[in-house]
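[1] Predicted model follows, preceded by the sequence.
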Amino acid sequence: GELFGEGGELTHANRIREAAVHSPLVVWGSHLWTSGVYSDPVSLLDVGPMVFELAGLSPYEGFQGHVPDQLSGKRVERPIFSSAMSLTEEDSVAVGKWRLTQARDQRSPSRLYDVTADPAETRDQSSSNPSVVKCLEATLRDFQASQLGYYANPARASEFFPPQHPLADIPECAALHATP
């Protein structure tokens with residue numbers, strides 16, 4: 001994704017924004033899936049499982065990604081992570097309508113957006129949704145710790161794939177688990 005003036009920015013390198021990470025994924029030639037436009041969010045991590053399914057191969061348990069819900073018929077509530085490491089260093093986690101973005105240096109507070117109602121991410125919803133912020137901050141911390149820990153540990157090199165990341169296991173995440 002690229003930004004073409006959204007938020008005054010012209011590239012994808014400055015900040016994580018919905019307009020930059022919400023990019024189309026086009027799959028052509030599949031007889032397994034009904035053609036159409038699917039709205040489920042997908043991650044680059046989902047490409048491997050999708051290719052396996054298209055090739056008729058059994059799923060590999062080490063993949064972090066999943067075949068998207070609308071294609072698999074299975075509902076998998078999971079966070080989708082994004083990172084920007086260029087002019088700024090930010091990480092974000094998205095679940096359902098929510099995206100929480102946090103600077104790596106944590107000098108500024110996390111920002112929470114309802115990307116369905118506010119795709120331009122102009123209205124920070126942090127103060128009115130503290131439990132969502134707490135859930136997504138904990139989920140993002142877990143992701144950062146396990147990803148960085150995975151890549152920093154040479155003994156894990158033979159495992160090939162870092163661990164999968166569900167929502168944090170804290171009470172504030174209960175409502176997001178039920179997100180339609």
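    That came through fine. Since the structure is predicted, the reported quantities are computational estimates derived from the model, not experimental observations.
[2] Check which helices and strands the longest helix belonging to the chain is in contact with.
    The longest helix of the chain (DSSP state H) is helix 130-152. Judged by 3 or more C-beta pairs under 8 Å, 6 or more residues apart in numbering; DSSP states H and E, helix 130-152 is in contact with strand 89-95, strand 98-103, strand 111-114, helix 174-177. (Glycine included, C-beta is placed from N, CA and C.)
[3] what's the angle from the longest one to strand 98-103?
    Orientation of strand 89-95 against strand 98-103 (axes from the mean of the first three to the mean of the last three C-alpha atoms, to 10 degrees) gives an angle of 170 degrees.
[4] contacting residues around strand 89-95?
    15-16, 21, 41, 77-84, 99-105, 115, 136, 139-140, 143-144, 167, 176, 179 (C-beta atoms under 8 Å, 6 or more residues apart in numbering).
[5] Tell me the confidence at the one residue sitting closest to the centre of the chain?
    Residue closest to the average C-alpha location in the chain (C-alpha atoms, centre = their mean): residue 80, at 1.6 Å. For residue 80, the model assigns a pLDDT of 85.
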